[in-house]
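**Q** I'd like to go over a predicted model; first the sequence, then the structure.
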Amino acid sequence: MSVYEATEKAVKAADHITDEDAGAVATLLHVAQQIDAQTNGLTPDGKLDNVSVPTYLKYCDALGLTPVSRVRWFEGAKKEGSGGKLGQLRGIAGGKTA
């Protein structure tokens, strides 16, 4: 399976990705195609490409497609409601109040 195909599969399986993410998804898929075109880290014209893979991983992270980003997105969302009424008041006031 190519990087492009695996990326398409991951994006389709990610319920949290919406139409608002279309630009980031399109860029991610473009970078995936660039990675697939490489041979031993070289572009088709023989130049070293040390940018595409880190860029790909950053876009995956931003879209919540990596294990670490999923924990950050979804575990963080579960913890937001904690703190009770005092926590809510502090959030509205911008932090701890005297």
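**A** Cool, got the structure.
**Q** now the longest helix along the chain, how far from the chain's geometric center?
**A** Taking DSSP state H as the criterion, the chain has its longest helix at helix 22-36. With Cα atoms, centre = their mean, to the nearest Å as the basis, helix 22-36 stands 12 Å off its chain's centre.
**Q** Ok, stretch 62-74 next?
**A** On Cα atoms, centre = their mean, the centre of stretch 62-74 falls 6 Å from that of its chain.
**Q** ok, back up a step: pLDDT averaged over the very next helix or strand once past the longest helix of the chain - what is it?
**A** Going down the chain from helix 22-36, the next helix or strand is helix 52-62, by DSSP states H and E. For helix 52-62, mean pLDDT is 95.
**Q** if we can go back for a sec, then the longest helix of the chain to PDB, C-alphas only?
**A** Output in PDB follows, covering the C-alpha atoms of helix 22-36 (Å, rounded to 0.1, in the frame of the first residue of the first chain):
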ATOM      1  CA  ALA A  22     -10.100  20.200   3.200                       C
ATOM      2  CA  GLY A  23      -7.100  22.400   2.500                       C
ATOM      3  CA  ALA A  24      -4.900  20.600   5.100                       C
ATOM      4  CA  VAL A  25      -6.100  17.200   3.800                       C
ATOM      5  CA  ALA A  26      -5.300  18.200   0.200                       C
ATOM      6  CA  THR A  27      -1.900  19.300   1.200                       C
ATOM      7  CA  LEU A  28      -1.300  16.100   3.200                       C
ATOM      8  CA  LEU A  29      -2.300  14.000   0.200                       C
ATOM      9  CA  HIS A  30       0.000  16.000  -2.100                       C
ATOM     10  CA  VAL A  31       2.900  15.500   0.300                       C
ATOM     11  CA  ALA A  32       2.000  11.800   0.400                       C
ATOM     12  CA  GLN A  33       2.300  11.600  -3.400                       C
ATOM     13  CA  GLN A  34       5.700  13.300  -3.200                       C
ATOM     14  CA  ILE A  35       6.900  10.700  -0.700                       C
ATOM     15  CA  ASP A  36       5.600   7.900  -2.900                       C
END
